[in-house]
Structure formats: structure tokens, C-alpha cells
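S.K.: Here you go, sequence then predicted model.
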Protein chains: 2
Amino acid sequence: MGLIVVGSIGLDDIETPFDKVENALGGSTTYIALAASYFTGPISVVGVVGDDFDNKHIKMLEEHNIDLEGLKIVESAKTFRYGCRYHYDLNARESLYTHLNVFEKFDPVIPQKSKKNSFVILGNIAPALQMNVLDQLDNAKFTVCDTMNFWINGAFDELMKVLKRVNVLVINDSEARLLSKEPNLIKAAKIISDMGPQYLIIKKGEHGALLFGDNTIFSAPAYPMENIFDPTGAGDAFAGGFTGYLHKNRDFSFDNLKRAVIYGSVMASFCVEKFSTKGLENLSFLEIHNRFIEFRNLSSFS
Amino acid sequence: MGLIVVGSIGLDDIETPFDKVENALGGSTTYIALAASYFTGPISVVGVVGDDFDNKHIKMLEEHNIDLEGLKIVESAKTFRYGCRYHYDLNARESLYTHLNVFEKFDPVIPQKSKKNSFVILGNIAPALQMNVLDQLDNAKFTVCDTMNFWINGAFDELMKVLKRVNVLVINDSEARLLSKEPNLIKAAKIISDMGPQYLIIKKGEHGALLFGDNTIFSAPAYPMENIFDPTGAGDAFAGGFTGYLHKNRDFSFDNLKRAVIYGSVMASFCVEKFSTKGLENLSFLEIHNRFIEFRNLSSFS
């Protein structure tokens, strides 16, 4: 009963007002798996890269006890590559290029040993592929799903089928408004919940996150950050921390889902403090715990 | 040791996607005083209206135990009038007209009986007038100040003088960014705190509010609202609830300031549920208390 992560693994060129990095480890799966690895195991990554994927990345992921049996390495082919630039306020991201490369024909194959009773995080990939993954699983215990504007606009019907089969949908506020065609987030959440997911998380960046479900709403604060060095992967780190925490204790009460949202927010806050995956590579459980306490102090009143 | 409220009193024409009202009671002082009236007294309003100001408004304010000795009624002159239109998402307000009328020569005079040991809320008026009010007071106990983009751009130096003399500045996020010339709100808060105010509250509309001070940050959630009928006065209702609560118990600990921020948020949430001041006219203490509890349930985790 492991935790399966399916999505992109890539190499990124990222430019922010503070600095830039080239050829840095990226991809939704990478961020999700790293964030989850601080809470639980085994974590199985299902993805594809080319033979230009540096062995040091493989090694780093393995050092986090991430199982790479589901990682396909295609000879004489290139890894998914993405370039983007963040502007001064770090809210707007400008995509510079997207080279799908091996990711264009990504055909996720879940390792036999992971198929039964697993948790699964469906990273931001085509809804048809997400469905393909769900179809391979035997008695999935808990399913968390991400998506984006591109799929909401371009693969709405397939996405609707996926949403009927997931426990949690994790999206940001603009995606929630697009998906529901409703500007008010509270109304939007009701519309999206009616599409199928048992729980909905709407991430609001510097304004925190909202968890909807069990006819209840939880409002999580954002960690106050003076310097966000690189917003890339924050949403994926959130999904990884959230699901990793739940996978560890398997308590699906709303109170525990609230804690999971905070642990997701904690991992997102660490993620954006450094470039690429660096903010998620060398954390201690004490640091994570202390930041959880900081979140509590930030929002508690009596 | 009363609570003095100084600012505009006006008549508004408001149009939202849901409905419209004409000639409705408005003005920052009106909203502030009504919101504060549920917590404490005596509340002294200092303002000016023309003889077109309907007696029913006077009566309604007096029924809330609001002292109008400081309200000047100018014969053969018109009350301040403001018209605006809110668009679909209710975040953007389009001003249709502003007729200052008697408000153009507003010269606030604090009644003799209220000058000593008072709390004061400086509504959104010219910083020079705010300073004039502060100069009339004898040993002000607690000063809360609002301002807006118009004064930040047009009366920066006078505003800086006022900020050195106030306990709390209450502004929204776009005003905070403009005042500090810094897009990051956490950095902005440090810059603004260095301008003088002991505490800073940044209101973020549908994203709640942040309280800064004592080297601590408190993040207050927003009340989840499906229908905001009229956003007019929400910020003033916040300031009134916040200061009214503090005036009642005179406890300036950070823990109590946090509660005051929530009571401010509670009053703002009631304000926007109805047009004009209607949402603040007929509340019970139980309704206010219950909504405070709802705010706690919304954001608490352990």
C-alpha cells in the first residue's frame, strides 16, 4: 500500500528577478515525490525521461527513498524541457518554451507491485492519461488529482470523467474559476464538488488555501514570505506534503485533512525559498514540524 | 473616555450586478459608528451634512446610541454625494460621480466633552484634517487611522506626519503596496511600520486580513460569502468593529488585537450582506458572537 506519483519529470530553465538557473531538475512528479518523502514511504514514481537525464538526479531521488522502478529512461531521446520567466511580483509566469520530447508519448505503466491498495497522486497531465492510471489500479485507497487551464479548456469531458473518481482535486483559484465558470470561489467550490471530488482544495498563492468538504470549509493561511526565490513547483510540493502526511497516518477525518493542508502549505513554503527542487532536498523533520507550529501561531486566536 | 469617529457622511447611489439603490445612507463615519455601536459607547460622530440629510438617518443613528453633537447640519446646502457601480466580480468599483458639497469645507470640531482621554477613528479624509483632529485631542488613548490612494499620492508628506501619531493604520493591500512602493506585502508591512504606526492591518477583501505588530503577524481568514450584495463600507465596518471591541475591553495585548481583527471581519461580513448600511442596522449580539465562532471554526487546526 504505497504512494504512487504520476506526472512529468523535466529539466527547467528558470529566470526570476533574483537569479536564474539552467537545466535544473523540475517536473510535477519530482516536486510531489520529494515533498511526500519527508512523511512516508514507499513512494513510487511513474514517469519518463531521456538519456540526457543526469544520474545525479536519479541518485538524489533514491537518497530520498523514492522508488524509481516506474521511471522509464528512453535511449537516444531527450527529457521534457521547460523554460519560464517570472516577473517582478512573481505572480505572473511567462512560458518561454515547452519541449515535450519523450513526454509527448508518455504512457504511464504502474509497476505490478504498486497496483494494489495504493494511494495515488495524479500530477498535472492529460486527463486521458490520468484515467489510464486509475484503470490500472486495483482498489485505490486514496486519489489526489491536479489539473490546469490547458486541460480544463482542451479536455473538459475527459477531465469530468476523472473527477468522478478522485478523492481530492487540488487546483488554484484561477483554475477553479475557469472550471466552474463562476468568479465567486465559494460558489465555484460547490459547483466543482458536484463534479465528483469528495474534497476540493483551492490554492491561492500568497493568500493561503481553502479546503472544502463534509459541508465544511477550512481556510489555511499563507506563510509570510519576504522573498520567494522561485515559485516553480510550489503547488506540487503542496500536493506531495498533503498526500504524504495522509498516507502516513491514514486518518481521513476533516480535522486530519486540515492538518494535511497545513503540511502541504509547509512544504510549498520550503519549496519556494530556493531554486528548483533545492528547497525540498535537505529538510529535517524538526524544521517541518517547527514551520507547522509557525502556521498555527500565525492563524490561531481564541 | 468615549470613541470619536471623524470622517464623511454621505448619500450614495450604488449599482451592483444584483440591484441598485439611490440616495442611500453612506460615508465612512456612518459605517464605522454603526459597526462600533454594537460593542461600546459613547460613540461621538464628528461630521457635516446638508439640510437634505433625511431625519430618518439621524433617528436611526441615535437609536444606536450614537452621539451626534459633533454633527454639523448646514442650512441651504447639500450633503456629500457619491455614485458608483460594481462590476461582475465586485472587486472593481467604478466611481460615477463625487459631489463633495458641504464636505468640501469640512472643518472637524471635536465636542469639548469628548476631547479628553478618547479613542479616535480617523476615517478616510485628508491627512491635514486628520492631523487637525489629533491636535484637538487631549491625551488620546488609542488612535486608528484609515487612508486611501488619493491621499497617498496627493498628500504624502502630511500623511507621514499623521502616521507618526497613530496606534493602528488600517489599509487595503493595494494601498499598502502604493504606500510602501513594495509589491511583497510582508516587506511592505515592515516599511509602513517604520513610518510610525504601532500596528498595521492590511485588509485583503475575499482573502482576509493581516495584522502586523509586536514582531508578530496574525493572518485572519475571510468569511466565506457566496453573495456580496454591496461591498461599500466593508472596510469602515471593519475599522468600527475592530476599534469598538478594543474600546470596550481596553486590552491592547496582541492576543486581544487578534480578537479585535476578527470582530472587525465579522462586522465587515455583515455589512456586505445588504445594501448601504442595512446590514449593520439590526444585528444582535448573539449573531455577532456566533459569527465570531464561525471564523474560529473556519481557521482553527491543531
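M.R.: Perfect, thanks for sending it.
S.K.: is it true that residue A:246 touches residue A:121?
M.R.: No. Look at residue A:246 against residue A:121 with C-beta atoms under 8 Å: they stay out of range, at 10.5 Å. All C-beta spots, glycine's among them, are computed from the backbone N, C-alpha and C.
S.K.: Which one's more surrounded, the two?
M.R.: Set residue A:246 next to residue A:121 and count neighbours by other C-beta atoms under 10 Å in any protein chain shown: residue A:121 wins out with 30 against 27.
S.K.: Surely that one is in a strand?
M.R.: Yes. Under DSSP: H, G, I helix; E, B strand; the rest coil, residue A:121 falls within a strand.
S.K.: Strands along the stretch 51-200 of chain A, start to end?
M.R.: A:66-74, A:80-86, A:93-99, A:119-122, A:142-146, A:168-172, A:199-203 (DSSP state E, counting those that start in this stretch).
S.K.: Which secondary structure elements does the fourth one sit against?
M.R.: Using 3 or more C-beta pairs under 8 Å, 6 or more residues apart in numbering or on different chains; DSSP states H and E as the contact definition, the elements that strand A:119-122 packs against are strand A:3-6, helix A:127-136, strand A:142-146, helix A:234-249.
S.K.: which stretches of the stretch 1-150 of chain A have low pLDDT?
M.R.: A:89-91 (pLDDT under 70).
S.K.: Chain B contacts on chain A?
M.R.: Contact residues, chain A versus chain B (C-beta under 8 Å from any C-beta of the partner chain): A:88-89, A:183-187, A:204, A:206-208, A:210, A:216-222, A:224-228, A:255, A:258-259, A:261-262, A:296-302.
S.K.: most neighbours per residue, which of the helices and strands packed on strand A:119-122?
M.R.: Scoring those by mean neighbour count under mean count of other C-beta atoms under 10 Å in any protein chain shown gives strand A:3-6 as the most buried, with a mean of 30.
S.K.: how about the CA coordinates for the next helix or strand after that one, as PDB?
M.R.: Per DSSP states H and E, the first helix or strand lying C-terminal to strand A:3-6 is strand A:10-15. The C-alpha coordinates for strand A:10-15 follow below in PDB (Å, rounded to 0.1, in the frame of the first residue of the first chain):
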ATOM      1  CA  GLY A  10      11.700  17.500 -16.600                       C
ATOM      2  CA  LEU A  11      14.600  19.900 -16.900                       C
ATOM      3  CA  ASP A  12      13.900  23.600 -16.400                       C
ATOM      4  CA  ASP A  13      15.400  26.900 -17.300                       C
ATOM      5  CA  ILE A  14      14.000  29.400 -14.800                       C
ATOM      6  CA  GLU A  15      14.500  33.100 -14.500                       C
END
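S.K.: got a list of contacts for strand A:10-15?
M.R.: A:20-27, A:30, A:52-53, A:79-86, A:96, A:103, A:230, A:232, A:275-276 (C-beta atoms under 8 Å, 6 or more residues apart in numbering or on different chains).
S.K.: For PyMOL, write a command that selects the buried ones of the residues of chain A next to chain B.
M.R.: The PyMOL selection below is limited to those of these classed as buried (16 or more other C-beta atoms under 10 Å in any protein chain shown):
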select buried, chain A and resi 184+185+186+187+204+206+207+208+210+217+218+219+220+221+222+224+225+228+258+259+261+262+298+299+300+301
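S.K.: Mind checking which of the residues of chain A next to chain B are in strands?
M.R.: A:210, A:216, A:217, A:218, A:219, A:220 (DSSP state E).
S.K.: circling back to that earlier point, what subset of the contacts of strand A:10-15 is buried?
M.R.: Buried members of the contacts of strand A:10-15, counted by 16+ other C-beta under 10 Å: A:21, A:24-27, A:30, A:53, A:79-84, A:86, A:103, A:230, A:232, A:275-276.
S.K.: circling back: for the ones in strands among the residues of chain A next to chain B, work out which two are farthest apart.
M.R.: Pairwise distances among those were taken by C-beta to C-beta; the largest, 13.1 Å, belongs to A:216 and A:220.
S.K.: and the spatially closest residue to residue A:179 that is not a sequence neighbour, how far is that from residue A:52?
M.R.: Computed as C-beta to C-beta, 6 or more residues apart in numbering or on different chains, the closest residue to residue A:179 that is not its neighbour in sequence is residue A:152, at 5.1 Å. From residue A:152 across to residue A:52, the span is 31 Å (C-beta to C-beta, to the nearest Å).
S.K.: Repeat that for residue A:174.
M.R.: Distance check for residue A:174 against residue A:52: by C-beta to C-beta, it reads 33 Å.
S.K.: Need the residue closest to the centroid of chain A.
M.R.: Central residue of chain A (C-alpha atoms, centre = their mean): residue A:236, 2.4 Å from the mean position.
S.K.: who touches that residue in this structure?
M.R.: The contact partners of residue A:236, by C-beta under 8 Å, 6+ apart, come to A:7, A:28, A:29, A:30, A:31, A:32, A:35, A:123, A:124, A:146, A:271.
S.K.: thought the third one was touching residue A:3?
M.R.: No. Using C-beta under 8 Å, residue A:29 is not in contact with residue A:3, being 11.8 Å away.
S.K.: got a list of what the residue lying closest to residue A:142 once chain neighbours are set aside touches?
M.R.: Of all residues not flanking residue A:142 in the chain, residue A:119 sits nearest, at 4.5 Å (C-beta to C-beta, 6+ apart). With contact set as C-beta under 8 Å, 6+ apart, residue A:119 has these partners: A:1, A:2, A:3, A:4, A:140, A:141, A:142, A:143, A:144, A:243, A:246, A:247.
S.K.: ok, those vs chain B, which is closest?
M.R.: Lowest distance from chain B to the contacts of residue A:119 (C-beta to the nearest C-beta) belongs to residue A:246, with 14.1 Å.
S.K.: That closest one and residue A:21: what is the separation?
M.R.: 31 Å.
S.K.: And for residue A:30?
M.R.: The separation that residue A:30 has from residue A:21, given C-beta to C-beta, amounts to 14 Å.
S.K.: Please apply the same query to residue A:265.
M.R.: 24 Å.
S.K.: For the residue nearest to residue A:179, give its distance to residue A:128.
M.R.: From residue A:152 over to residue A:128 the distance is 14 Å, taken as C-beta to C-beta.
S.K.: One more: residue A:49?
M.R.: 21 Å.
S.K.: now do residue A:38
M.R.: 31 Å.
S.K.: what about stretch A:27-47, how long is it end to end?
M.R.: 10 Å (C-alpha to C-alpha, to the nearest Å).
S.K.: buried sites along that stretch?
M.R.: Using 16+ other C-beta under 10 Å as the test for burial, stretch A:27-47 gives A:27-47.
S.K.: what do you get for stretch A:188-195?
M.R.: Quick answer for stretch A:188-195 (16+ other C-beta under 10 Å): A:188, A:189, A:192, A:193, A:195.
S.K.: what does that stretch rub up against?
M.R.: Against stretch A:188-195 from outside (C-beta under 8 Å, 6+ apart): A:160, A:163-164, A:169, A:176-177, A:179-182, A:200, A:202, A:210, A:212-213, A:217.
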